[in-house]
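Engineer: what follows is a predicted protein model with its sequence.
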Amino acid sequence: MTKDTKVFYVSEKLESAPLDEAAKILSQGGTVAFPTETVYGLGANALDEKAVMQIFEAKGRPADNPLIVHVTSRDDCESLVRAIPEKASLLMDKFWPGPLTIIMERKEIVPDVTTGGLDTVAIRVPENKIAIELIKRSGKPLAAPSANLSGKPSPTSAEHVIADLSGRIDAVVDGGDVIIGLESTVVDVTSEIPAILRPGKISKEELEECIGEVKVAYDDKVHPESETVRSPGMKYTHYSPKAGVILVEGDNEAVVCRIKELLEDLHMRNAKAGLMLTEESKKHFSGVESFSIGCKDKPEQAAKSLFYGLRFLDLKNVDIIIVDGSFDPRGIGAAVFNRVRKAADMIIKVR
Ligand code: AMP
Ligand code: MG
């Protein structure tokens, strides 16, 4: 597979010519990566089996891991699902456009390849204006998983997409860095009590305020032996850079101490370490390759920089990345911890 991957630059002014070219590729069955507010997505016409198969091929994604379909409005959604349950309707009113994916029962028109053979389909209306323009101009609902090679950290810039998928997809729309940096919250409304299958910017508390009780149905660590995999994506390796990842969770002071011990140990073994540190921890380390994940009480900064930082340190050819897990675990912090735990080869909890 060697494609001549085109790059289209689109700014906030939403230049028509590159958008139209990218939309044309999509409407003709091609693959185009584009920015959303969460991460970059790799889009193809969700209703065209062959087009969707190219997404799986380009990413090396397991065929039973279903895709999120991106549409521009609740009306678009009606042609894809059997019915919109009352709770889904409330969620759409409150959170769309935005980083919330809703799982509903699909209509036959949505092919098996898009849903991984499930009777349900995952749908979202993104907020990013470039994404919305592309969907509109292509005239198709766009299946769009994160635009990375399967198992790698999700892309938060066009450069990340190019590093992973150049030569494997038809085009990339470069619309600059994303705003949130973590994938959408996924909520399944097909059961009596809706279930969160993946945490994201929109928290359990926010969902509950809108529709009442919501269950947590995701696991922060991968259990391949588990029989209750609700969202197929839960059982695969995720977000892994080349380097090994160690997460140290706890209070800032204790985390700093433990990271110092780990660094000594790695030094003795001649292993090169890279650090992802909160602003509060930074002053304790010098002469080590490091990357800031922001202030510990601002988990939205950690969200925005997590995938970026993992890729940045990988490019520095470190052997081990140590992540400072002393940031606030509430709100979007819960989603950041979920992603780092999945990426981690080792999790250390300190007090
Ligand atoms: P990605 O697009 O790479 O961010 O991954 C999409 C996520 O949504 C994966 O974790 C999928 O397993 C999940 N997903 C998509 N469609 C469904 C569905 N119909 N039922 C359950 N999970 C889904
Ligand atoms: Mg993904």
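Structural biologist: Nice, I can see it. Ligands and ions are numbered 1, 2, ... in the order given.

Engineer: quick check: residues of the stretch 101-250 of the chain near ligand 1?
Structural biologist: Residues of the stretch 101-250 of the chain lying close to ligand 1 (CB under 6 Å from any ligand atom) are 103, 115, 118, 120-122, 145-146, 183, 186, 197-198, 231-233. In this view, the C-beta of every residue, glycine as well, is placed from N, C-alpha and C.

Engineer: helices - which of these land there?
Structural biologist: Using DSSP state H, the subset of those located in helices is residue 115.

Engineer: nearest to ligand 1 among the residues of the stretch 101-250 of the chain next to ligand 1?
Structural biologist: residue 233 (2.3 Å; CB to the nearest ligand atom).

Engineer: show me where the stretch 1-150 of the chain has strands.
Structural biologist: Ranges of strands in the stretch 1-150 of the chain, per DSSP state E, counting those that start in this stretch, are 6-9, 32-35, 40-45, 68-70, 100-105, 120-124, 142-143.

Engineer: flag every buried residue along stretch 290-307.
Structural biologist: Within stretch 290-307, the residues scored as buried using 16 or more other CB atoms under 10 Å are 290-294, 296, 298-307.

Engineer: determine which two of the residues you listed are furthest apart.
Structural biologist: Greatest spacing in those, by CB to CB: 290 and 300 (20.1 Å).

Engineer: quick revisit: same list (the strands of the stretch 1-150 of the chain) but as JSON lines, adding mean neighbour count.
Structural biologist: Converted to JSON lines, those look like this (neighbours: other CB atoms under 10 Å):
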{"stretch": "strand 6-9", "mean neighbour count": "16"}
{"stretch": "strand 32-35", "mean neighbour count": "29"}
{"stretch": "strand 40-45", "mean neighbour count": "29"}
{"stretch": "strand 68-70", "mean neighbour count": "27"}
{"stretch": "strand 100-105", "mean neighbour count": "23"}
{"stretch": "strand 120-124", "mean neighbour count": "25"}
{"stretch": "strand 142-143", "mean neighbour count": "30"}
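
Engineer: wait, residue 290 touches residue 279, no?
Structural biologist: No. Judged on CB atoms under 8 Å, residue 290 makes no contact with residue 279 at a distance of 11.3 Å.

Engineer: need phi/psi at the residue of the chain most remote from its centre.
Structural biologist: Most distant from the centre of the chain: residue 268, at 35.8 Å, with distances by CA atoms, centre = their mean. When read as degrees, to the nearest 10, the backbone of residue 268 gives phi -60, psi -30.

Engineer: and it, how far is that from residue 261?
Structural biologist: 11 Å (CB to CB, to the nearest Å).

Engineer: one more: residue 19?
Structural biologist: According to CB to CB, residue 19 and residue 261 sit 52 Å apart.

Engineer: if we can go back for a sec, which residues do residue 268 and residue 261 both contact?
Structural biologist: Here residue 268 and residue 261 have no joint contacts, going by CB atoms under 8 Å, 6 or more residues apart in numbering.

Engineer: if we can go back for a sec, ok, residue 19 and residue 261, which is more surrounded?
Structural biologist: A direct count of neighbours by other CB atoms under 10 Å for residue 19 and residue 261 places residue 19 higher, at 21 against 12.

Engineer: residue contacts, the more buried one?
Structural biologist: 8, 10, 130, 133-134, 137, 173.

Engineer: for this structure, which spans come out with low pLDDT?
Structural biologist: Within the chain, the ranges that satisfy pLDDT under 70 run 221-237.

Engineer: could I get the phi/psi values of the nearest residue to residue 103 once chain neighbours are set aside?
Structural biologist: Closest residue to residue 103 apart from its sequence neighbours, by CB to CB, 6 or more residues apart in numbering: residue 188 at 4.2 Å. Note on residue 188: its backbone torsions stand at phi -100, psi 120 [degrees, to the nearest 10].

Engineer: burial measure for residue 188, as a count.
Structural biologist: Residues lying near residue 188 (other CB under 10 Å) number 22.

Engineer: beta partners for it?
Structural biologist: Residue 188 has the following beta-bridge partners by DSSP bridges: residue 103, residue 195.

Engineer: thinking it is in contact with residue 118, fair?
Structural biologist: No. With contact defined as CB under 8 Å, residue 188 does not reach residue 118; the gap is 10.6 Å.

Engineer: next secondary structure after the host helix or strand of residue 276?
Structural biologist: Using DSSP states H and E, residue 276 sits within strand 273-277. Next helix or strand after strand 273-277 toward the C-terminus (DSSP H and E): helix 279-282.

Engineer: helices and strands around that next one, which ones?
Structural biologist: If contacts are counted by 3 or more CB pairs under 8 Å, 6 or more residues apart in numbering; DSSP states H and E, helix 279-282 sits against helix 252-268, strand 289-292.

Engineer: contacting residues around residue 101?
Structural biologist: Residue 101 makes contacts with 68, 122-124, 184-187, 198, as judged by CB under 8 Å, 6+ apart.

Engineer: same thing but 6 Å
Structural biologist: Listed by CB atoms under 6 Å, 6 or more residues apart in numbering, the contact partners of residue 101 are 68, 122, 124, 184, 186.

Engineer: now do residue 325
Structural biologist: Residues near residue 325 by CB under 6 Å, 6+ apart: 247-249.

Engineer: enumerate the beta-bridge partners assigned to the residue lying closest to it once chain neighbours are set aside.
Structural biologist: Nearest non-adjacent residue to residue 325, counting by CB to CB, 6+ apart: residue 249, 3.7 Å away. Counting by DSSP bridges, residue 249 is bridged to residue 325, residue 349.
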